[in-house]
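[1] Sequence plus predicted model, see below.
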Amino acid sequence: MAFAYVNRSNAYYENGQYDLAVSDLEKVIQMYPKYAPAYFKLGVVYDAMQELESATLSYTMSLRFDSTKAETYYNRGFDYDELNKEQLALMDYTHAIALDTAYTDAYFNRAFLLDDHDSMKKQSLIIQK
């Protein structure tokens, strides 16, 4: 029964019916509270809804039950970056890279964050002079 809800939530997501997707995924989580893929998908849906705090919480729950998925770390890192939580984003991008050394998006976003951080440091030094 739970997997029928997962499949239907995927269809709702693809059709932009995010509230219905969330509802089905919450039903799955009630039935299987340790089912990491349901939390991951819930995070993806919340991202589409621009509910980044809810998305990061969903990804965190997914990682609690399965910490081996680079994509989960990457998605949470991306949301942390959007929420201006750069240190948390850097940690998640780094963890994603450790799990999947070919994860080019994680390398790119981490490099961009580090470059941006260095630029801010340099601007701060210029202002102080």
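    Noted; the coordinates are in hand. Here the structure is a predicted model, which is why all the values come from computation and not from measurement.
[2] you'd agree residue 58 is up against residue 39?
    Yes - with contact defined as Cβ atoms under 8 Å, residue 58 and residue 39 form a contacting pair (5.0 Å). To be clear about C-beta, it is placed using only N, CA and C from the backbone, and glycine gets the same treatment.
[3] Between those two, tell me which one has more neighbours.
    residue 58 (28 against 24; other Cβ atoms under 10 Å).
[4] low pLDDT regions in the protein?
    Where the chain drops to pLDDT under 70, the residues are 117-129.
[5] can you tell me how far residue 69 sits from residue 93?
    Separation of residue 69 from residue 93 (Cβ to Cβ, to the nearest Å) stands at 14 Å.
[6] Compare the two (neighbour count), which wins?
    Between residue 69 and residue 93, counting by other Cβ under 10 Å, residue 93 is the more crowded of the two (29 against 18).
[7] and the host helix or strand of that one, what does it pack onto?
    According to DSSP states H and E, residue 93 maps onto helix 86-99. Packed against helix 86-99 by the contact rule (3 or more Cβ pairs under 8 Å, 6 or more residues apart in numbering; DSSP states H and E) you find helix 70-82, helix 104-128.
[8] and for it, what are the contacting residues?
    In this structure, residues lying in contact with helix 86-99 by Cβ atoms under 8 Å, 6 or more residues apart in numbering are 68-71, 73-74, 76-78, 80-81, 103, 106-107, 109-110, 113-114, 116-117.
[9] Which positions within it qualify as buried?
    Neighbour-count burial for helix 86-99 flags 86, 88, 89, 90, 91, 92, 93, 95, 96, 97, 99 (criterion: 16 or more other Cβ atoms under 10 Å).
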